[in-house]
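Asker: Could you work out the structure for the sequence below:
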Amino acid sequence: MLLSALCKRKMLSRRGCKPEVLILTVVGIGGLLFLLMTNEGKHVMKAATKVSSTSPPPNVPTTPWHGPECKESSSVTNISGFADLPGHIQDFLRYKHCKEFPQLLDAPDKCGGADGSPGVFLLLAIKSSPGNYERREIIRKTWGKERTYQGVRIRRLFLAGEVRGAREAWKLNRLLRLEAAEHGDVLQWAFLDSFFNLTLKQVLFHSWLEAHCPGAHFLLNGDDDVFANTDNMVNYLLGLRGTNDGDGHLYVGQLIANVGPIREKWSKYYVPKQVTASSSYPPYCAGGGVLMSGFTARAIYKESLGIELFPIDDVYLGMCLQKAGLAPASHMGIRTVGVRVPSSKLESFDPCYYKELLLVHRFVPYEMLVMWQAIHEPDLRCGKKLQVYQSI
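Answerer: Got it, this is the predicted structure:
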């Protein structure tokens, strides 16, 4: 039946399908079946099991939260002023109780399983929207490359949700499936990938970490538009040995303290009183890039089980730390607001400003590639060796 259909569809001959065409078709199909039975074929199929390969999936995000386990709260309409809130705020209030969603793509063996996870020294957990393919590819080739450096292992994961709309979701889900099959570095869940859902993405990742990589010594939790000098990170973390090998508290970044919710509706960070009546936030580190120990990551997971979602992800992590009795700290090598040069006459993209840093936000993809190559040039000479990676 299959060969007959192929002959008719391709109209290979007015008199029927030629014998040589039949032979080539049989050989081709046999070769395809052979590839699918190899380890590589099994790997591809395993990565794709949760994503449709023929047509747009019937269930795609139509609300900021999505999944059969997640039902809209019926009591939100009783909140004073609810009807006057922006749509994304209303959606957050409707679904903020939802913390569990189907996982579409997994990488359960990323750390060698739970038992093998102590062999991972630094795990890079990078939040990335499905459409940011170029950013992910550049990170894989530069600072996020999986390798052994200074005798310790660096591993990488991208964290993603889904996009709104059946057609676009189908295309980008297939893209992530292909990336997962090739690189084995994508975690994806069935919720809408949006700014207010970054906290949800964070909570789901910590749940995954607890199950599949609880023994990782340290984590970089950041966005896909940062430039991270992972060499310097490893050097800094190795310098803590004897006092902290991942089994003590560490949570460093660009510290933000003595601030509170922004009440202006025009702001991306607008949080009305209906979400929180408090006028202050606990101390936290800017979410562009945070370096933490495995001990602290586990503490965040435990506290997150009892703290309802908050729309600003870095503030939420500060809430978890506060409940655990832990404090975030500032590290001068992490610059989530960019690098400030001493004079407007100086070039801010000079690799000498970045050679000794841990992380800078923000870079476009081509800048990541250019800077990664520049700071590794053997003949790079800078006037002053800052060694900021050694400081907190």
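
Asker: can you give me the strands for this protein?
Answerer: Taking DSSP state E as the test, the strands found in the chain are 103-105, 122-127, 147-149, 152-162, 186-192, 218-223, 226-228, 251-253, 255-256, 284-285, 289-293, 329-330, 334-335, 359-361.

Asker: Distance to residue 200 for the ones you listed - can I get that in JSON lines?
Answerer: C-betas here are computed from N, CA, C, even on glycine. Listed next are these as JSON lines, based on distance: least, CB to CB, whole Å:
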{"stretch": "strand 103-105", "distance to residue 200": "13"}
{"stretch": "strand 122-127", "distance to residue 200": "11"}
{"stretch": "strand 147-149", "distance to residue 200": "31"}
{"stretch": "strand 152-162", "distance to residue 200": "8"}
{"stretch": "strand 186-192", "distance to residue 200": "6"}
{"stretch": "strand 218-223", "distance to residue 200": "14"}
{"stretch": "strand 226-228", "distance to residue 200": "21"}
{"stretch": "strand 251-253", "distance to residue 200": "20"}
{"stretch": "strand 255-256", "distance to residue 200": "21"}
{"stretch": "strand 284-285", "distance to residue 200": "17"}
{"stretch": "strand 289-293", "distance to residue 200": "17"}
{"stretch": "strand 329-330", "distance to residue 200": "26"}
{"stretch": "strand 334-335", "distance to residue 200": "24"}
{"stretch": "strand 359-361", "distance to residue 200": "21"}
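
Asker: Please name the residues that touch the residue positioned nearest the centre of the chain.
Answerer: In the chain, the C-alpha nearest the mean C-alpha coordinate belongs to residue 127, at 2.3 Å (CA atoms, centre = their mean). Applying CB atoms under 8 Å, 6 or more residues apart in numbering to residue 127 gives the contacts 158-160, 198, 201-202, 221-224.

Asker: Now with 7 Å, please.
Answerer: 159, 198, 201, 223-224 (CB atoms under 7 Å, 6 or more residues apart in numbering).

Asker: Repeat that for residue 244.
Answerer: 250, 293.

Asker: Over to residue 221?
Answerer: Taking CB under 7 Å, 6+ apart as the test, what residue 221 contacts is 125, 290, 292.

Asker: how close does it sit to residue 331?
Answerer: Between residue 221 and residue 331 the distance, using CB to CB, to the nearest Å, works out to 14 Å.

Asker: and residue 164, how far is that from residue 207?
Answerer: Taken as CB to CB, the span from residue 164 to residue 207 is 24 Å.

Asker: no no, residue 314
Answerer: On the measure of CB to CB, residue 314 and residue 207 end up 19 Å apart.

Asker: Model confidence for residue 15, exactly?
Answerer: At residue 15, the predicted lDDT confidence score is 39.

Asker: Now the nearest residue to residue 372 once chain neighbours are set aside. Its backbone dihedrals?
Answerer: Spatially, and ignoring its direct neighbours in sequence, residue 372 is nearest to residue 142 (3.8 Å; CB to CB, 6 or more residues apart in numbering). Main-chain torsions, residue 142, degrees, to the nearest 10: phi -120, psi -110.

Asker: Near residue 142, how many other residues are there?
Answerer: 20 (other CB atoms under 10 Å).

Asker: Is it in contact with residue 370, as I believe?
Answerer: No. In this structure residue 142 lies outside contact range of residue 370 using CB atoms under 7 Å: 9.6 Å.

Asker: got any ranges where the stretch 251-392 of the chain has weak pLDDT?
Answerer: Residues of the stretch 251-392 of the chain meeting the criterion pLDDT under 70: 341-343, 345, 384-392.

Asker: if we go to 90?
Answerer: 336-348, 353, 362, 383-392 (pLDDT under 90).

Asker: what about the helices in it?
Answerer: Counting by DSSP state H, counting those that start in this stretch, the stretch 251-392 of the chain has helices at residues 294-304, 313-324, 365-375.

Asker: Just put those helices in a markdown table and tack on mean neighbour count and distance to residue 263.
Answerer: Listed next are these as a markdown table, based on neighbours: other CB atoms under 10 Å; distance: least, CB to CB, whole Å:
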| stretch | mean neighbour count | distance to residue 263 |
| --- | --- | --- |
| helix 294-304 | 21 | 26 |
| helix 313-324 | 22 | 14 |
| helix 365-375 | 18 | 35 |
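
Asker: closest to residue 95 out of the ones you listed?
Answerer: Nearest to residue 95, of all those, is helix 313-324, at 15.2 Å by CB to CB.

Asker: Who are the packing partners of the closest one?
Answerer: helix 198-212, strand 284-285, helix 294-304 (3 or more CB pairs under 7 Å, 6 or more residues apart in numbering; DSSP states H and E).

Asker: And the contacts of that helix?
Answerer: With CB under 7 Å, 6+ apart, helix 313-324 has contacts from 198-199, 202, 251, 281-287, 299-300, 303-304, 307, 309-310, 327-328.
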